[in-house]
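Undergrad: need a structure here:
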Amino acid sequence: MNTRDILDRVASGEISPADAVQQLHVDAETNLEFARVDLARAKRQGLPEVIFCPGKNPTQIARVIQALNQAGQNALATRATHDVYQGVAEILPDCVYHEAARSISSDVVALPEATGLVLVVSAGTSDQEVAAEAALVAERMGARVELVQDVGVSGLHRLFGHLDRLREANAVIVVAGMEGALPSVVGGLIDRPVIAVPTSVGYGANLKGIAALLAMLNSCAAGITVVNIDNGFGAGVAAARINRVANVPLP
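TA: Reported below is the predicted structural model:
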């Protein structure tokens with residue numbers, strides 16, 4: 001029973017407001033004992049609950065996917081190794097593994113039509129897993145996504161051929177490890193929202209991404225937004241929301 005049906009029953013006097021609150025609470029989650037699956041998140045945030053795989057075994061991941069699918073929602077599980085995927089696929093053989101993004105999807109409804117434009121720019125090939133995660137999430141939230149790969153500052157001329165597309169995008173995600181300089185360069189060249197993603201890629205003084213994170217937080221290019229280390233998922237969500245609002249016609 002959906003929210004409208006419950007409210008109609010309250011209006012007709014079939015059930016009390018207290019009963020309605022109880023039903024709405026039940027409809028909002030599924031309790032699997034080891035996890036309470038948030039079934040109302042898509043309505044609140046525009047994206048169903050996403051499963052973070054580390055710390056969960058394949059059976060647990062599959063059960064959360066099933067709970068979401070049974071509620072008529074698509075499911076996405078991030079940071080899944082190939083071994084984890086194989087374990088999930090033994091239970092859910094129709095699930096799909098996105099190897100570059102290290103993610104598992106299981107869809108029961110059509111994904112939103114791709115609109116607008118989000119560009120995902122990565123500094124080096126070692127940053128591609130995080131970039132792929134960001135791209136996949138933005139795509140699943142309805143953004144048209146293009147990838148610009150391996151255009152880091154050690155060969156900055158490679159970036160210039162993409163400036164027109166960067167200036168056309170509704171949002172630009174810039175993924176970089178090492179010294180984390182690329183978002184500052186991109187932010188100084190365009191007037192689009194820039195979401196910087198530091199990665200844990202780099203030698204010792206990179207400090208597993210802390211050096212890149214601090215460099216991005218201290219950028220002199222105004223208006224850059226920075227997410228956590230390796231957080232392609234968060235960047236993809238943010239960019240897709242910006243893209244969604246940019247495509248809404250003004251009243």
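
Undergrad: and the protein, what are its domains?
TA: 47-110, 115-246 (automatic domain parsing).

Undergrad: okay, these in CSV with distance to residue 7, mean neighbour count and mean pLDDT next?
TA: In short, each C-beta sits where N, CA and C put it, glycine included. Formatted as CSV, the domains of the chain follow (distance: least, C-beta to C-beta, whole Å; neighbours: other C-beta atoms under 10 Å; pLDDT from 0 to 100):
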stretch, distance to residue 7, mean neighbour count, mean pLDDT
domain 47-110, 19, 18, 94
domain 115-246, 27, 21, 94
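
Undergrad: Redo those domains as TSV? Include distance to residue 31.
TA: Converted to TSV, the domains of the chain look like this (distance: least, C-beta to C-beta, whole Å):
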stretch	distance to residue 31
domain 47-110	9
domain 115-246	25
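
Undergrad: Compare those domains and report which one is nearest to residue 14.
TA: domain 47-110 (23.6 Å; C-beta to C-beta).

Undergrad: Pull the distance from the closest one to the chain's centre.
TA: Taking the mean of its C-alpha atoms, domain 47-110 sits 14 Å from the chain's own mean (C-alpha atoms, centre = their mean, to the nearest Å).

Undergrad: Could you do stretch 186-198 as well?
TA: 18 Å.

Undergrad: could I get that stretch in CSV with only the CA atoms?
TA: Extracted in CSV, the C-alpha atoms of stretch 186-198 (Å, rounded to 0.1, in the frame of the first residue of the first chain):
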residue,chain,number,x,y,z
VAL,A,186,40.1,22.9,-14.0
GLY,A,187,38.4,25.3,-11.6
GLY,A,188,40.5,28.1,-12.9
LEU,A,189,39.4,27.5,-16.5
ILE,A,190,35.6,27.1,-16.3
ASP,A,191,32.5,28.6,-14.7
ARG,A,192,30.9,25.2,-14.0
PRO,A,193,30.5,23.6,-10.6
VAL,A,194,33.6,21.5,-9.9
ILE,A,195,33.5,18.5,-7.5
ALA,A,196,37.0,17.4,-6.5
VAL,A,197,37.7,13.8,-5.5
PRO,A,198,41.1,13.1,-3.9
